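**Q** have a look; sequence and predicted model below, questions after that.
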Amino acid sequence: MPSLSEETHGAVKMLQPGATIGIIGGGQLGRMMALSAKYMGFRIGVLDPTPDCPTAQVADFQIVGEYDDKTAIHDLAEKSDVLTYEFENVDAEAIDEVRHLVAAPQGTDLLRVTQDRVHEKTFINEHGTETAPWREVNDFDELEAAIDELHYPCVLKTRSGGYDGHGQHVLKNDADLEKIRARGDRGGGFPPSILEGFVDFAFEASILVSGNGEQYVTFPIVRNDHRNNILHMTIAPAEVSPEIAKAAHELALRLAKGFELAGTLAIELFVTKDNRVIVNELAPRPHNSGHYTIEACSIDQFDAHIRGIAGWPLIQPKLLSPAVMVNVLGQHVLPTRAQIASHPEWNVHDYGKAQLRHNRKMGHITVLTDDTAATVAALEATGCWDDLK
Ligand SMILES: Nc1ncnc2c1ncn2[C@@H]1O[C@H](COP(=O)(O)OP(=O)(O)O)[C@@H](O)[C@H]1O
Ligand SMILES: [Mg+2]
């Protein structure tokens with residue numbers, strides 16, 4: 001089995017083509033990581049409970065098992081040279097237990113920090129970066145005390161496990177607070193949570209940063225439009241002042257250095273009406289809002305992730321063209337397929353998921369454009385996304 005060569009890039013060992021990358025999680029992010037890795041000549045193994053999952057369709061082998069199945073993770077580790085993951089709710093301990101078998105260049109500190117909103121916000125603040133004001137709250141009394149300090153409106157979020165707005169409540173007044181109390185009284189309990197002040201943002205944005213443990217590069221800041229708490233559209237680049245772009249790049253580099261980042265990290269941002277950049281949350285992996293990089297950048301977020309964990313050198317990605325990326329959820333699959341024939345400008349991505357479900361991410365479309373407003377209007381005019389209006 002080809003393994004880590006003795007050749008080094010600085011302190012980082014370089015993985016040679018032919019080596020095997022094991023991915024925990026077999027959804028679309030793993031699939032696009034695998035596609036990048038394959039063209040560079042790596043072999044791919046994937047751990048996922050669903051046979052023929054999106055990643056398995058482009059991988060060399062699949063281990064069918066749950067993400068937290070230690071025997072399955074051990075099996076994947078034994079068959080791989082480097083281990084990575086496509087989502088953040090991986091059992092960090094399980095990865096630590098196989099580090100004598102396989103390289104895990106991302107480490108597990110990044111996972112531990114990003115799995116827990118208290119750790120995450122603490123890390124961000126300690127690295128000189130603003131978040132919404134926040135308080136840790138573990139019971140109803142602490143919640144009331146935190147509201148006294150942060151005032152309405154505010155957002156209650158579970159410390160861990162949330163995604164696409166799950167586990168969140170916006171509290172606008174005492175009546176909303178009473179609903180939380182009633183839920184607890186009904187036996188719903190009070191999961192460990194944080195309370196955040198509500199940010200009156202002008203728009204949401206994100207920035208990606210990639211590293212190989214010693215060298216870090218950033219992608220352009222982009223603008224994100226969510227519908228029903230799910231990303232709908234990304235516009236690259238975001239129309240922001242040079243000062244805002246600079247602030248975003250600098251905070252991304254500070255966080256990457258703080259983590260000694262290997263691979264790609266996504267940073268969700270709020271841009272406020274008074275032109276501040278506030279970090280919302282981190283994702284220790286490629287991100288839906290970075291899919292535009294596949295066509296629009298000189299090196300994409302998945303290439304950069306693979307190069308980073310393989311210890312390869314990185315070059316600053318260039319935006320080759322402005323772009324608009326729109327998600328294709330379950331309800332958009334048939335309408336968009338019916339229009340592929342009329343839209344040669346659509347770069348169509350389909351994740352190969354067997355089950356079509358409402359609001360499930362099934363694919364995305366990226367359009368390269370010189371006029372993002374006209375492209376957004378043209379996409380809307382197709383009617384495919386009318387349910388999100
Ligand atoms: N403090 C806040 N102020 C205003 N809006 C918020 C705040 N926190 C979250 N939101 C809104 O809720 C969405 C989901 O919150 P986020 O923390 O990113 O959780 P998730 O893990 O579900 O993505 C954000 O994209 C944003 O639109
Ligand atoms: Mg989010």
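**A** Right, received. Where do you want to start? Ligands and ions are numbered 1, 2, ... in the order given.

**Q** point me to the residue of the stretch 251-389 of the chain nearest ligand 1.
**A** In the stretch 251-389 of the chain, the residue that lies nearest ligand 1 is residue 281 (4.7 Å; C-beta to the nearest ligand atom). Using the backbone N, CA and C atoms, a C-beta is placed for each residue, glycine as well.

**Q** in three-state terms, label that residue for me.
**A** Here residue 281 is strand, with the state taken from DSSP: H, G, I helix; E, B strand; the rest coil.

**Q** that one: how many residues sit nearby?
**A** Using other C-beta atoms under 10 Å, residue 281 has 17 other residues around it.

**Q** where does the residue nearest to it when sequence neighbours are not counted land in three-state SS?
**A** Spatial nearest neighbour of residue 281, excluding adjacent residues (C-beta to C-beta, 6 or more residues apart in numbering): residue 268 at 5.0 Å. Assigned with three-state DSSP, residue 268 falls in the strand class.

**Q** residue 268 and residue 283 touch, don't they?
**A** Yes. Residue 268 is within contact range of residue 283, at 7.3 Å (criterion: C-beta atoms under 8 Å).

**Q** all helices for the stretch 201-350 of the chain, in order.
**A** With DSSP state H, counting those that start in this stretch as the criterion, the stretch 201-350 of the chain has helices at 242-259, 293-296, 301-309, 333-337.

**Q** wait, doesn't the residue of the stretch 251-389 of the chain closest to ligand 1 sit right on residue 119?
**A** No. At 11.7 Å, residue 281 does not count as touching residue 119 under the criterion of C-beta under 8 Å.

**Q** got the residues of the stretch 151-300 of the chain near ligand 1?
**A** Counting by C-beta under 6 Å from any ligand atom, the residues of the stretch 151-300 of the chain close to ligand 1 are 155, 162-165, 196, 198-199, 204, 226, 229, 268, 280-281.

**Q** drop anything exposed from those residues.
**A** Buried by 16 or more other C-beta atoms under 10 Å: 155, 196, 198, 199, 204, 268, 280, 281, out of those.

**Q** ranking the helices of the stretch 201-350 of the chain by burial, who's on top?
**A** Stretch with highest mean neighbour count among the helices of the stretch 201-350 of the chain: helix 301-309 (a mean of 28; mean count of other C-beta atoms under 10 Å).

**Q** domains in this protein, as residue ranges please.
**A** Listed by automatic domain parsing, the domain ranges of the chain are 8-104, 133-197, 201-388.

**Q** distance-wise, check residue 81 relative to ligand 1.
**A** 31 Å (C-beta to the nearest ligand atom, to the nearest Å).

**Q** phi, psi for that residue please.
**A** Dihedral pair for residue 81: phi -100, psi -30, per degrees, to the nearest 10.

**Q** ok, it - how many residues close by?
**A** Count around residue 81 with other C-beta under 10 Å applied: 23.

**Q** was I right to think it contacts residue 102?
**A** Yes. Between residue 81 and residue 102 there is a contact at 6.7 Å, judged by C-beta under 8 Å.

**Q** ok so, going back, redo the helices of the stretch 201-350 of the chain as JSON lines? Include mean pLDDT and distance to residue 52.
**A** Listed next are those as JSON lines, based on pLDDT from 0 to 100; distance: least, C-beta to C-beta, whole Å:
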{"stretch": "helix 242-259", "mean pLDDT": "98", "distance to residue 52": "34"}
{"stretch": "helix 293-296", "mean pLDDT": "98", "distance to residue 52": "23"}
{"stretch": "helix 301-309", "mean pLDDT": "98", "distance to residue 52": "21"}
{"stretch": "helix 333-337", "mean pLDDT": "98", "distance to residue 52": "18"}
